[in-house]
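K.L.:
sharing a model that was predicted from the sequence below.
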Amino acid sequence: MTVYSALSPVSVAVYAALNVAGLTALAPGGVCDDVPQKPTFPFVLYEVAETTLHGFGTKPGTGRTSEIGLRLHVYSTYDGMSQAQAVMAKAIELLADAPAVTGFGSWALFHDETIPLGEELIAGVAVNELVANFRIYLTESV
């Protein structure tokens with residue numbers, strides 16, 4: 001199967017890996033790729049971006065490698081960062097075991113950084129935000 005972009009299959013895999021009882025018990029607002037209009041806190045938001053690494057196979061169907069930027073956001077109304085940190089730690093643990101990504105045969109995950117962004121407003125509610133940045137390398141199945 002030729003896959004022209006890894007974004008959709010990676011999004012499906014990330015959602016499946018994170019949307020489990022072990023995480024949703026800590027983040028009852030769930031896992032999403034868009035901020036809900038009436039969110040329940042804490043919740044996890046994820047974003048993905050793709051860069052094709054040329055030289056490893058440049059056309060779909062040639063075994064090309066993609067670098068996926070994955071960013072996780074945890075939004076919490078708890079005073080301080082401990083609740084957001086517990087949610088993020090569980091999310092990182094869940095992603096460490098590579099989920100299956102349709103059309104791709106391998107997964108290498110690198111957690112680059114976790115950054116507390118402090119207080120902001122989400123849907124008119126003051127929250128603390130914690131962000132983790134990852135790189136995922138995927139090789140297309142041929």
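P.N.:
On my side now, so go ahead. Numbers count the residues shown, from 1 in each chain.

K.L.:
and the next element down the chain from the top helix by length along the chain?
P.N.:
Longest helix in the chain by number of residues (criterion: DSSP state H): helix 82-96. Past helix 82-96, heading to the C-terminal end, the next element that is a helix or strand (DSSP states H and E) is strand 104-122.

K.L.:
quick check: buried residues in the helix or strand just after that next one?
P.N.:
Past strand 104-122, further along toward the C-terminus, the next helix or strand under DSSP H and E is strand 125-140. For strand 125-140, burial by neighbour count (16 or more other Cβ atoms under 10 Å) applies to 127, 128, 129, 130, 131, 132, 134, 136, 137, 138, 139, 140. Bear in mind the C-beta positions are built from the backbone N, C-alpha and C, glycine included.

K.L.:
tabulate the residues you listed (CSV), appending pLDDT and distance to residue 70.
P.N.:
Below are the buried residues of strand 125-140 laid out as CSV (pLDDT from 0 to 100; distance: Cβ to Cβ, whole Å):
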residue, pLDDT, distance to residue 70
127, 97, 21
128, 97, 21
129, 97, 16
130, 98, 15
131, 98, 11
132, 98, 8
134, 97, 4
136, 93, 6
137, 91, 11
138, 88, 11
139, 84, 17
140, 82, 18
